[in-house]
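I'd like to go over a predicted model; first the sequence, then the structure.
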Amino acid sequence: MPDSTTDDLPFELKNPTAYQWTEKAYDLLLTDALTVALTVRHRIEIATASGDCPRCGHDVQFSMERDAPIPGTIGGLGTEDSSMTEDYVAVDVECRCKGGHPGRPDGISKGCGIVFRTEVQRTTT
Ligand SMILES: [Zn+2]
Ligand SMILES: [Zn+2]
């Protein structure tokens, strides 16, 4: 892998959710440089992301659990495509890279400070 990461990039404090990161993340998702998954298990959603951060290029190494908004049961009455529900959910991914970014606030040990939004298909197990 070419060394395109940036270790001296300051931690982002002014505009962590700037739309450009969401846009750039979208491009990275299309090329599989970044992958995001959302799995529902026992009514808990587990979001994970790995791959290039749209800002610093380090591995984002993100994972988060949250309560699933809807229990993962779909009433199957023999309707069509019951096994292929198009269930896309917005997941906010935070960069949690291990790279060095000066200016990180106390209590934060990872990441370059940005958050970006992705849309992923929910997988119910
Ligand atoms: Zn980084
Ligand atoms: Zn980053």
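Arrived safely, thanks for sending. Ligands and ions are numbered 1, 2, ... in the order given.

residues touching residue 63, list them.
Residue 63 makes contact with 46-49 under the criterion CB atoms under 8 Å, 6 or more residues apart in numbering. Using the backbone N, CA and C atoms, a C-beta is placed for each residue, glycine as well.

if we use 10 Å, what do you get?
Residues in contact with residue 63 (CB atoms under 10 Å, 6 or more residues apart in numbering) are 37, 46-50, 93, 96.

mind putting those residues into JSON lines with neighbour count and secondary structure?
As requested, those are arranged in JSON lines below (neighbours: other CB atoms under 10 Å; DSSP: H, G, I helix; E, B strand; the rest coil):
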{"residue": "37", "neighbour count": "16", "secondary structure": "strand"}
{"residue": "46", "neighbour count": "17", "secondary structure": "strand"}
{"residue": "47", "neighbour count": "20", "secondary structure": "strand"}
{"residue": "48", "neighbour count": "18", "secondary structure": "strand"}
{"residue": "49", "neighbour count": "27", "secondary structure": "strand"}
{"residue": "50", "neighbour count": "14", "secondary structure": "strand"}
{"residue": "93", "neighbour count": "26", "secondary structure": "strand"}
{"residue": "96", "neighbour count": "19", "secondary structure": "coil"}
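
quick check: closest non-adjacent residue to residue 37.
What sits nearest to residue 37 in space, not counting adjacent residues and going by CB to CB, 6 or more residues apart in numbering, is residue 48, at 5.2 Å.

just checking, the one you found touches residue 94?
No. Under the criterion of CB atoms under 10 Å, residue 48 makes no contact with residue 94, lying 12.0 Å away.

shared neighbours of those two, anything?
Common contacts of residue 48 and residue 94, defined by CB under 10 Å, 6+ apart, comprise 60-62, 64.

enumerate the residues of the protein near ligand 2.
By the criterion of CB under 5 Å from the ion, the positions of the chain lying close to ligand 2 are 53, 55-56, 95, 97, 112.

closest to residue 105 among the residues you listed?
Distance to residue 105, by CB to CB, is smallest for residue 112 among the residues of the chain next to ligand 2, at 12.4 Å.
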